[in-house]
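1. 3D model of this:
(chains A and B)
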2 protein chains.
Amino acid sequence: MSAPEDHRVDWIGVDWGTTHMRLYAFDANDRIVASCDDGPGMNAIAPHEFATALAGLVGRVCAEDTIPPVLMCGMVGSRQGWAEATYLNLPVRLDDIAAKAVTIPIDAPFSEVRILPGIAKRDPNAPDVVRGEETQALGYAATHGSGDATLCMPGTHSKWLRLSGDTVTGVRTFMTGELFALLAERSILRHSVTAEAFDMDAFIGGVHDGAEARSAVLSHLFALRAGHLLFDQHAERQRARLSGLLIGAELAAALPQAHSETIAVIGGAPLTALYGDALGALGRRAYVHDGNAMVATGLAHAYRRSKVLARRAS
Amino acid sequence: MSAPEDHRVDWIGVDWGTTHMRLYAFDANDRIVASCDDGPGMNAIAPHEFATALAGLVGRVCAEDTIPPVLMCGMVGSRQGWAEATYLNLPVRLDDIAAKAVTIPIDAPFSEVRILPGIAKRDPNAPDVVRGEETQALGYAATHGSGDATLCMPGTHSKWLRLSGDTVTGVRTFMTGELFALLAERSILRHSVTAEAFDMDAFIGGVHDGAEARSAVLSHLFALRAGHLLFDQHAERQRARLSGLLIGAELAAALPQAHSETIAVIGGAPLTALYGDALGALGRRAYVHDGNAMVATGLAHAYRRSKVLARRAS
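-> Numbers count the residues shown, from 1 in each chain, chains lettered A, B, ... in the order given. Now for the predicted structure:
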């Protein structure tokens, strides 16, 4: 947590996910004057505790009696969250995300609390949803201008968003991070991948093998165990190769639908760097952006946009 | 457990795996006269308890003071098992499996205890190992004659063995069953696949989608969750589709290396039936065989073969 500066807090932006909560205090010029990143994730609190948890965190960055307007994004807007901000259906104009924010009925000391909606792809044969990543896309477009772009947001669930001008035209989710964790921690491979060190050559080799056609990943997994048994292949090699295989398979499935030669990889280190290396190995250029910065920028963009819309409406 | 019949127990065959132990008492004509399938798996006993556990189970099928010869297969022969029966390297002649059984030094009331070796593919780029399945392959060849065959043995780890005449020329392992369990029980999909019923149409659809090229599986998994959220797609559909996706991906990777038009699926119901249906959907013919019967037949074949070899050597 950073302490409040001399700039007055004008409004509060919150990225509230399943396992984390990050809060940003903005001044009237949308500069971040204070922040904290250790708020409780949705998993850690009961449904009736949202308001208390939010007020508590706001108290650490802002001493006003009345809490300034709050704009939130992420799983806090899901059906299991504080209040449901119904998904917008693809294609989604970026401006509509701010316009469709849901206002939570709430008493003092709060003044206004709103949640941005996620995006849904309502195709019964390939349904998909994102919540929070749409705000990162807003931040990306705000800083890079509109235009065609492919955004890759790696994590527990890796999200790919396709931007066409000022419109999100595609979303796609890969369970890459969750699969890695399950295999590395709970499968028979757990005995073969116990390492902190990371063998980059093995990672890149895994990327190439994972990216090959014909569901290569499934056929390569057990070899990590067998290679450990037969050749004493080291844990740092096996762990890196497992990561490479899964990321390679994700990229092979996602890249044919990317409509830009370069990929914007948005998230946290070191995962974004790994995705950058993997994309490089497959002949693509990657630009890496900090995910938290993108969320904060996206929240600010949405907040200003909604103020403009509110003025127009009144 | 079935009670001893009037046939005298001539020898004992044991399939001793990580989570199960099946024991068969054979008469001098290799007919099964008694059996039990509730012995403790390797996971359930300490290393020094193997002899006691075996003697205890033998006592239920055989009243002799001296325990007849015992021939075992499975993980009991691994480094973490009772005694290591070193893997044979591909290619492996079926007769060599019996010839290379390892004898455990052991006192009365045991007379002779031996373990059949597994098979290793010592290719550092695609290493693989099997233990127990080689005995099923022995059983298959004993009942179907030598010839080219592709054996598929589904389970936690699905094993594919390639038989060329009297020689095992290929082994390949897919972690399909373990992946299904991890995804269905421990991933975010667990909320979407809680069902006992099984939607066969969804399974076959999953097989086709999973068998498609370009690592289709990874891109289809999260859709099971999103389909549940957006379309209330039912758990029995999602569970069956998850199973189909993983099995389809396995088949797509394994079938190009199958050198027979028909596939012998060896294992237990209902999994073998599912694999049969999946193979049918992909235009292959499958013949389903009971895995336990194959192991018993394989043990009997190996036992007789080793007696012939012993007579020749003496």
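
2. Quick check: buried residues in stretch A:252-262?
-> In terms of neighbour count (16 or more other Cβ atoms under 10 Å in any protein chain shown), stretch A:252-262 has its buried residues at A:252-255, A:258, A:260. The C-beta positions use only the backbone N, C-alpha and C, and glycine is treated the same way.

3. Let me fix that, I meant to ask about stretch A:154-164.
-> Using 16+ other Cβ under 10 Å as the test for burial, stretch A:154-164 gives A:154-163.

4. now stretch A:232-252
-> Of all the residues in stretch A:232-252, those buried under the rule 16+ other Cβ under 10 Å are A:233-252.

5. ok, and which of the residues you listed reach chain B?
-> Near chain B, taking Cβ under 8 Å from any Cβ of the partner chain as the test, the members of the buried residues of stretch A:232-252 found are A:233, A:246, A:249-250, A:252.

6. what are the ranges of the helices in the stretch 101-250 of chain A?
-> Using DSSP state H, counting those that start in this stretch, the helices of the stretch 101-250 of chain A run over A:133-144, A:176-186, A:200-211, A:216-231, A:235-254.

7. Which one of these has the poorest average confidence?
-> Confidence, taken as mean pLDDT, is least for helix A:216-231 of the helices of the stretch 101-250 of chain A (a mean of 89).

8. Just the CA trace of that one, in CSV.
-> Taking Å, rounded to 0.1, in the frame of the first residue of the first chain, the C-alpha atoms of helix A:216-231 are listed here in CSV:
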residue,chain,number,x,y,z
ALA,A,216,0.3,-33.3,-29.4
VAL,A,217,0.0,-32.2,-25.8
LEU,A,218,-1.9,-35.2,-24.6
SER,A,219,0.7,-37.5,-26.1
HIS,A,220,3.6,-35.7,-24.7
LEU,A,221,2.5,-35.4,-21.0
PHE,A,222,3.3,-38.9,-19.8
ALA,A,223,6.8,-38.7,-21.4
LEU,A,224,7.7,-36.2,-18.7
ARG,A,225,7.2,-38.9,-16.2
ALA,A,226,8.9,-41.7,-18.3
GLY,A,227,11.8,-39.4,-19.1
HIS,A,228,12.3,-38.9,-15.4
LEU,A,229,12.2,-42.6,-14.7
LEU,A,230,14.4,-43.8,-17.6
PHE,A,231,16.8,-40.9,-18.2
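
9. Give me the number of neighbouring residues for the residue of the stretch 1-150 of chain A at minimum distance from chain B.
-> The nearest approach of the stretch 1-150 of chain A to chain B comes at A:P127, 4.0 Å away (Cβ to the nearest Cβ). A:P127 has 21 neighbours, counted by other Cβ atoms under 10 Å in any protein chain shown.

10. domain parsing for chain A?
-> Domain assignment for chain A by automatic domain parsing gives A:1-131, A:146-314.

11. deepest of these, which one?
-> With neighbours defined by mean count of other Cβ atoms under 10 Å in any protein chain shown, none of the domains of chain A is more surrounded on average than domain A:146-314, at a mean of 20.

12. end-to-end on that domain?
-> End-to-end span of domain A:146-314 (Cα to Cα, to the nearest Å): 28 Å.

13. rewinding a little: closest to A:K307 among the ones next to chain B among the buried residues of stretch A:232-252?
-> Closest approach to A:K307 among those (Cβ to Cβ): A:E250, at 38.1 Å.

14. mind listing what that closest one touches?
-> Residues near A:E250 by Cβ atoms under 8 Å, 6 or more residues apart in numbering or on different chains: A:158, A:174, A:176, A:210, B:215, B:218-219.

15. That concludes my questions; thank you for your assistance.
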